[in-house]
Each structure stands twice: as structure tokens, then as C-alpha cells.
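[1] When you get a sec, could you give me coordinates for this:
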Amino acid sequence: MMVKIDSCLFAFVLGFNVTAEIIYREAVEKNTVSLPCPHPVAGNVTWSRQLTNGSKVNLIEVIGGKDNKLNDPGKRYSSLADKFKSLVITRPGVSDSGTYFCNTETVELTVIPQGTDEKNATIGTSITLKCPDDTGSHRPTWVRRINGMNITVYSQNKTEGLQYSTENKMLTLTNVQLNHSGLYYCEGKPVVYLNVTKDERFERASHKLFLLVLGVVLPLALTVFIILFLFRRFRFRTQGRGEQQADTDYAEIEDGCVFKPTQGGSNQYDLTYAAIHHTQPAGNKTEVSRPNQSIYSFINTNE
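    Residues are numbered from 1 along each chain as shown. Down below sits the predicted model:
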């Protein structure tokens, strides 16, 4: 049972940390950006990128602290001599947005066009985006670009969770989530980069709750479990000894045939009872025939 509890605890802690393995980075267009590996790397590293068709292309290898460029026609890739073997991209463009891999670990990059506004929103809140006035469409199409892909979020047909005002070309996102982050375009023009984050207060509360469960509740529950286990074990042993003693007493009674008279009663096997039992009762005497006298001698045969 102890092994199972430790295994469950390990799995719980592991699951708690898995959510932090993907690194997200944003960079303004033409501003150098570095992408770190999600975890420190002691050995060699191969940096690669996922293409729009789903395939991967290797960019550079970092072997013994030296860069071996594999696919870098613009000479824009290099690495940092840090413990994360970070990938450095110079003069990034919007097309550099996408998914990168440090060996097998994932790093997401979003490149924001210059002059684009940035807005932050917390999970569960609402935010309103406004399309530029110079767009000719009365009800323009909104597109979100993330990881190098364009996703239509609003067209002539309303999308669930979105509200649109035709008067001022305003798009309102309600109950935003992490996957709503990205660069929003209205009629092909970049409008805003939306960064959705978790509530820091909620994060701190969740972290405190996790520490409370790990440091207080779990040891307490384990202690209660051990106490209950020992109590049941002791009770079982005590009950077993009682049943064994009862069986022994019953066997002795059957083997010895012991009968104990109640207080104040008589025992037919004691001497007093035997003497009284063999004494003739007092009173009228009855004629008893002698052994040699026939019982038929008193019958008158002359009759």
C-alpha cells in the first residue's frame, strides 16, 4: 500500500509539472529573439522547426558548444553558450512564427508585426477588438494567426462565444481561454496581438493548495491510514485469542464431563445423597416373602 501511495504521489507531481514543459515566446518583427530549451541540456542539441505541412526540418546542431548549421540559407540561426542551449534567430519575420523543437521538446514562437498593438487578458474575462476604419467591408472577416497558421474566428456567420457589432466593427471575445492567444487580423491587416494568461492570484492559490496537500493533508491522511490499519490488526488478533480460549474451555468440558451444582442445590453423587437413597423409608412394614417361600403358598387350592 505504501508503494502504491508513493507511486500515485509521484504521478500527481509529474502531472503537475507537465503543463510547464512547452515554452512560449513572442517577438516583435525584426527584433532578435532567443528560444531556450524547456530544460537544461548537458549534451548535444538539434534545433528543428515544424513546417506547415507537418514535417520537420533541422536548422542547426550544437555539438560540444559549436554550431553546425544544417539549413540556414539566410545565416540567421545560432546558439547561446548557456545551459539551455538557446536558439537565436536574428531579423525574425512573421513567417518565422511556429513550432520549434529542442531535440524533442517544444517551443512556440509568435512574431508580431511592427506597429501592432499588444493586449493582455486573463482567462475567463472578455476583451473587445476593433477593426481598422479603412477596411471597406461592412462585416469584415477576423482571422487569428498562431504557430504560422491562419484560423478564421469570425465571418458572416457568427461563431459561438463571439459577439460582433456592425456599427463600429467591434469584435468581442467572451470567456477567453489560453488557446485564444495569437495575432488577430481584420481583413488581412494586423490589429492586435492578444496574450491570454492565467490569473496570478489563482496560480498562487493553486500552488499553495498543492503545497498544503503535499506537506500537510497527505502525511495526515497517511498517518490516519496507518493508525486504522494497526487498530484493525490488533483487534483481529485480540478477537482470535478470545475465540481460541473459548474453544479450549469447551473441549475441557466435553473431555472431563464436569458438572458443577448450583449453590444451595444437591449433588446426587455425594455421600449424603447415596446414604439416603439406600435406606428404607420409615412407616408401615409390608410383609415380604422369603426367598425360599413360594408366592403361591397362600392360594387355597380347595376352592
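[2] For residue 142, list each beta-bridge partner.
    Note on residue 142: beta-bridge partners residue 154, residue 186, judged by DSSP bridges.
[3] That one reaches residue 185, doesn't it?
    Yes: Residue 142 lies in contact with residue 185 (CB atoms under 8 Å); the separation is 7.1 Å. Just so you know, the C-beta spots here come from the backbone N, C-alpha and C atoms, and that holds for glycine as well.
[4] Got the domain ranges for this protein?
    20-114, 117-197 (automatic domain parsing).
[5] What strand or helix carries residue 62?
    Applying DSSP states H and E as the criterion places residue 62 in strand 56-63.
[6] What residues of the helix or strand following that strand count as buried?
    Counting by DSSP H and E, the next helix or strand C-terminal to strand 56-63 is strand 66-69. Under the neighbour-count criterion of 16 or more other CB atoms under 10 Å, strand 66-69 has residue 67 buried.
[7] Go ahead and name everything in contact with the very next helix or strand once past strand 66-69.
    Remark: after strand 66-69, the chain's next helix or strand is strand 77-79, criterion DSSP H and E. Contact with strand 77-79 is made by 45, 47, 59-60, 62, 67, 69, 85-90, as judged by CB atoms under 8 Å, 6 or more residues apart in numbering.
[8] Report the mean per-residue pLDDT for strand 77-79.
    Throughout strand 77-79, pLDDT has a mean value of 94.
[9] Tell me which stretches of the stretch 151-300 of the chain form helices.
    For the stretch 151-300 of the chain, the helices defined by DSSP state H, counting those that start in this stretch occupy 200-212, 218-256, 271-277.
[10] show me what contacts residue 175?
    124, 125, 126, 161 are the contacts of residue 175 under CB under 8 Å, 6+ apart.
[11] coming back round to it: closest one to residue 224 among the domains of the chain?
    domain 20-114 (32.1 Å; CB to CB).
[12] and the residue found closest to residue 94 once you drop the neighbours it is linked to in the chain, helix, strand or coil?
    Nearest in space to residue 94, with sequence neighbours left out and distances taken as CB to CB, 6 or more residues apart in numbering, is residue 111 at 5.1 Å. Under DSSP: H, G, I helix; E, B strand; the rest coil, the three-state class of residue 111 is strand.
[13] Derive a PyMOL selection command for the buried subset of the contacts of strand 77-79.
    Applying 16+ other CB under 10 Å to the contacts of strand 77-79 leaves a buried subset, and the PyMOL line that selects it is:
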select buried, resi 45+47+59+60+62+67+85+86+87+88+89
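[14] pLDDT and distance to residue 224 for the contacts of strand 77-79 - can I get that in JSON lines?
    Converted to JSON lines, the contacts of strand 77-79 look like this (pLDDT from 0 to 100; distance: CB to CB, whole Å):
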{"residue": "45", "pLDDT": "95", "distance to residue 224": "48"}
{"residue": "47", "pLDDT": "96", "distance to residue 224": "51"}
{"residue": "59", "pLDDT": "96", "distance to residue 224": "55"}
{"residue": "60", "pLDDT": "95", "distance to residue 224": "55"}
{"residue": "62", "pLDDT": "93", "distance to residue 224": "52"}
{"residue": "67", "pLDDT": "92", "distance to residue 224": "57"}
{"residue": "69", "pLDDT": "92", "distance to residue 224": "60"}
{"residue": "85", "pLDDT": "93", "distance to residue 224": "47"}
{"residue": "86", "pLDDT": "95", "distance to residue 224": "48"}
{"residue": "87", "pLDDT": "95", "distance to residue 224": "50"}
{"residue": "88", "pLDDT": "96", "distance to residue 224": "54"}
{"residue": "89", "pLDDT": "96", "distance to residue 224": "55"}
{"residue": "90", "pLDDT": "95", "distance to residue 224": "60"}
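[15] and which of the contacts of strand 77-79 is nearest residue 132?
    Among the contacts of strand 77-79, and counting by CB to CB, the member closest to residue 132 is residue 89, at 28.8 Å.
[16] so the closest one sits right up against residue 31, yeah?
    No: look at residue 89 against residue 31 with CB under 8 Å: they stay out of range, at 9.8 Å.
[17] Good, we can wrap up now.
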